[in-house]
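In: Next come a sequence and a model predicted from it.
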Amino acid sequence: MAIIRVVLIVLAAMVLLGTIFSLVRGLSRRTLAQRIRARHLPGDVLRVETWTNFFGIESLGYTQLRGNGALVLTKEGLHFHMLLPKREYEFRLAELRGTEIVRAHLGRSVGRELLKVWFERDGVTDSVAWLVAEPEAWRAAIAAPQSSTAFRKRAED
């Protein structure tokens with residue numbers, strides 16, 4: 001009898017936590033969608049995903065925060081709107097140098113493929129990565145607006 005009671009309590013707690021997580025995720029997505037609408041004109045948005053996981057900018061090292069947010073590709077560039085802390089990272093199309101699919105970034109992995117984007121600022125090449133639902137589709141979308149002279153594949157070392 002006591003075992004059944006414990007099992008029922010554990011199941012009820014799991015259902016409650018699942019419900020809370022779903023509500024928080026839904027509210028977070030709405031918040032991110034509002035930020036996207038406020039920041040980007042609808043005609044400029046080429047692709048958007050409102051629930052991605054940011055793995056960080058390589059040059060900033062291992063200590064930076066990893067977090068959830070929205071990834072937006074516009075006619076001007078790639079934008080990441082981090083949920084908490086509220087931040088925006090922008091990578092102009094002219095800065096982008098290539099993309100690749102990787103399994104880890106900055107020593108972090110989640111057992112799924114990540115979208116890694118190479119960019120260049122002030123003559124220095126750097127990279128950033130995200131966990132997105134369809135990394136290959138993002139690669140194609142990022143490459144599409146680029147001309148062959150503006151978008152060069154990162155050379156292998």
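Out: Right, received. Where do you want to start?

In: What ranges does the chain have for its strands?
Out: Along the chain, counting by DSSP state E, strands occupy 45-57, 67-74, 77-82, 87-92, 96-102, 114-121, 124-131.

In: which neighbours does the third one have in its sheet, and in what orientation?
Out: Strand 77-82 has the following strand partners under DSSP bridges: strand 67-74 (antiparallel), strand 87-92 (antiparallel).

In: Same question for the shortest one: list its buried residues.
Out: To tie it back to what came earlier, the one meant is strand 87-92. Using 16 or more other CB atoms under 10 Å as the test for burial, strand 87-92 gives F91. Every C-beta, even on glycine, is put in place using the N, C-alpha and C of the backbone.

In: what mean pLDDT does it have?
Out: For strand 87-92, mean pLDDT rounds to 95.

In: what's next to that strand, contact-wise?
Out: Applying CB atoms under 8 Å, 6 or more residues apart in numbering, the set of residues contacting strand 87-92 from outside is 39, 54, 57, 76-82, 117, 119, 128.

In: Going by distance to L96, which of those wins?
Out: Here the nearest of these to L96, counting by CB to CB, is F119; it sits at 5.4 Å.

In: looking at this structure, which helix or strand does the model trust least?
Out: Here the helix or strand of the chain ranked lowest by mean pLDDT, DSSP states H and E is helix 2-39, holding a mean of 72.

In: bridging residues for F54?
Out: G67, W130.

In: ok, now how distant is it from I4?
Out: Computed with CB to CB, to the nearest Å, the distance linking F54 and I4 is 43 Å.

In: And those two? Which one has more around it.
Out: Between F54 and I4, counting by other CB atoms under 10 Å, F54 is the more crowded of the two (23 against 8).

In: now the more buried one: how far from L65?
Out: Distance, F54 to L65, by CB to CB: 8 Å.

In: Same question for W118.
Out: Using CB to CB, we find W118 at a distance of 21 Å from L65.

In: do A143 as well
Out: To L65, A143 is 28 Å away according to CB to CB.
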